[in-house]
Every structure is written in structure tokens, then in C-alpha cells.
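Asker: I would like to see how this sequence folds:
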Amino acid sequence: MKKNRVTITDIARELNISPSTVSRALKDHPALKRETKDAVKALAEKWDYQPNLLALSLLNRKSNTIGVIVPEITSHFFSAIITGIQDVVGKSDYNIMICLSNESYEEELILVKKLLNMQIDGVLVSPSSETDDFDHFRKLQKNGIPVVVFDRDCPGLEADKVLVDDYSGAFQAVEYLIDRGCKNIAHLGGPLNLSTTGHRLNGYLDALRKNNMPIRREHIVHVPGFSHKDGIKPAKKLFQLDNPPDAIFAMNDNIAISAMHVAKKMGLKIPEEISILGFDDEPHSSFFTPTLSTVWQPVYSIGMLSARILLSHLKNKDNQLKFRKEIFKPELVIRNSSK
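Answerer: Below you'll find the predicted structure:
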């Protein structure tokens, strides 16, 4: 048999019928005789015929593919979201294509352009930490491609959004530290462009204000990224202050663990001399010594709901659905790194 990919034309030639008849037989067209359909399907199975999805997408102007743009994939956070997306999309007629922006606005622009050229059907996106202009997402929408934004907000962009109440999570975390007697609470914040950074910073500030605690600007230090190494220098900066903190609320668990590492290197006891609290509840957070107190958010559910909303648009293209904004509530998880 041919070493090249089997086509409908190959099957048609072998059975001495037209390619259109083969196509209809594979779709179980009711107008064809049962013996014709059985012969076509049997030969297709014998020769391991696989439909050319690219050709079908060009013909139907529909790729049956959903693009998922994420900043990275190595953390539990985004891998869990992608799992939630796949568990929903996998039960539909659509496939997913995962695209990494690597926290780069320029790479994100290139990815959107490629998805447009591929005639993608819909896009799920968590924007990069550099992204503060959303015209490339509007371009998708202008081309009839629905967009659902998840985790990181795109202020001013009219689209479906699935987010977490970062403000509430941060407020709970800082108020908990205050209730446990912490007097000088510092914040290791995220990159300034991100909506999550602003919401968590505001939660931190409002918790201090509500409890009449001093706000010291030197106690607020922003990290350049989200990996363990990104938190080392900012944490050292806090501990080397003339008035060092007795507690740190960190942007995420990786940064909190960086602060724990620096504190131990400097001989500080956790939580007796310094309480540390993170955000995300990554699985590894409960395996450090001491175990990390943190803020849990339902990342798997974020992925599932985002996918369901996008599929609802794809199934109801004739009836324009209103944009949805769904916000999940986070929960405080207390372990041993805080008083």
C-alpha cells in the first residue's frame, strides 16, 4: 500500500467510485446504499485513513480548534488550569492548542497573529505580565473569534472573564497576620502591569488601614517575575532594613518560599521572628519546613468554567450572548509559616 498519507481519492480509485461518494459514505449519508458505506468504511479502516483536518478547516472556514494562550506552563497553577480546560473541551468536537507567551507582550502578539491565520475558532487567554494594550485581542473579536480572559484581567477589554477575588484573598491574609500580633507587615508584590498585582496590593493596604496599622513604603517591594530566584533580592532588601518586618505577605507561593529561604540564611526563626504567607496554594507548599501558610484559589475550576463559557459562544454564534464576568472567592490556608 502507499507509504504516503491515504486520501479520499485513493479510496475512491480502489473502489471505482467518486471521491464525493467516499466522503458521504464516511459521514454515513442516508442516501447511500449500506453496502457502499460498509465497503468504504472497511477500506478506510484497513488503510488507516485519517481525515485532513487542515483541508477541512480551509473548506469549512472552521478549524475545530481552540487556542489557549498562557504566560508559562511549568507551574502547577497554569498546568491545573489547562487540565480543567482540556477536561471540558475534550468532551466536545474541539481540540486545544496551547501557546506560551513566556510573559512577553511581543510573543503574545505573534501568537495571536498565528492563531488568526490558522482560522482558530476561539481563544482562552491569560495575558503576559508585559501586556497593557489589548488591541490584538480586540482584533480576534473583530474577526468573529470569541475571547475568554482568565486569571489576569484586561481592564477596558469587553470580553468574558473568569477571575479570582485577589483583593479579598490579600485582605484576609494580612488581617490574619494582624490578628496574630504582627506589627510590621511587608508585601512582596508582583510585576506592576498585572491586574492581580494591583488587587493584592490594595487588599494589603486596606487591611492595614482598617486596623490602623502604619503603611511603610519601604515595606512594599515588587518582584520582577514569579520564580523562586525572583524573590531572593527583594526579600533580602526587606530583611536588611533598619526597621525589618515581622511578617511578609508575598504575591505568590514561589516568592514566599524565597523569603523563607532568605530568612533561614539570616538565622531568623519562622514563625517566631518572621511570619510568611503566600498566595496560590501550590502543592509543594505543604512539603517545605515549615509548611507554608497561603491563599488557596480554585485553579482547576477556573479552567473548566473558562472553557464552558467559550464553548457556549461557539455553539450559539447566531445568538449573541452577553459577556460574563465570573469571580471565584479564594480561601485562607493556615500552616506553620505564620503565627
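Asker: can you tell me the SS state at residue 204?
Answerer: The three-state assignment at residue 204 reads helix, by DSSP: H, G, I helix; E, B strand; the rest coil.
Asker: other SSEs contacting the helix or strand harbouring residue 66?
Answerer: Per DSSP states H and E, residue 66 falls inside strand 65-70. Applying 3 or more CB pairs under 8 Å, 6 or more residues apart in numbering; DSSP states H and E, one finds that strand 65-70 contacts helix 76-89, strand 95-100, helix 105-117, strand 122-125. (Glycine included, C-beta is placed from N, CA and C.)
Asker: which of these sits closest to residue 141?
Answerer: Across those, the minimum distance to residue 141, taken as CB to CB, is reached by strand 122-125, at 9.3 Å.
Asker: what ranges do the strands span in the stretch 201-339 of the chain?
Answerer: Assigned by DSSP state E, counting those that start in this stretch, the stretch 201-339 of the chain shows strands spanning 220-222, 247-250, 275-277, 294-296, 325-328, 331-333.
Asker: among the ones you listed, show me which one is buried the most.
Answerer: When these are scored by mean count of other CB atoms under 10 Å, the highest mean neighbour count falls to strand 247-250 (a mean of 30).
Asker: pull up the pairing partners for it, direction included.
Answerer: strand 185-189 (parallel), strand 275-277 (parallel) (DSSP bridges).
Asker: what about the spatially closest residue to residue 183 that is not a sequence neighbour, distance to residue 187?
Answerer: In this structure, residue 183 finds its nearest non-sequential neighbour in residue 246, 5.9 Å apart by CB to CB, 6 or more residues apart in numbering. In this view, residue 246 and residue 187 are 13 Å apart by CB to CB, to the nearest Å.
Asker: out of those two, which sits in the busier spot?
Answerer: residue 187 (25 against 19; other CB atoms under 10 Å).
Asker: follow-up on the earlier one: the strand holding residue 66 pairs with which strands, parallel or anti?
Answerer: strand 95-100 (parallel), strand 122-125 (parallel).
Asker: the residue nearest to residue 183 contacts residue 182, doesn't it?
Answerer: Yes. Counting by CB atoms under 8 Å, residue 246 touches residue 182, with 5.3 Å between them.
Asker: pull up the overlap in contacts between these two.
Answerer: Overlap between the contact sets of residue 246 and residue 182, as judged by CB atoms under 8 Å, 6 or more residues apart in numbering, is given by residue 275.
Asker: okay, residue 118: pLDDT?
Answerer: pLDDT, residue 118: 87.
Asker: actually residue 319, sorry about that
Answerer: 59.
Asker: now residue 169
Answerer: 98.
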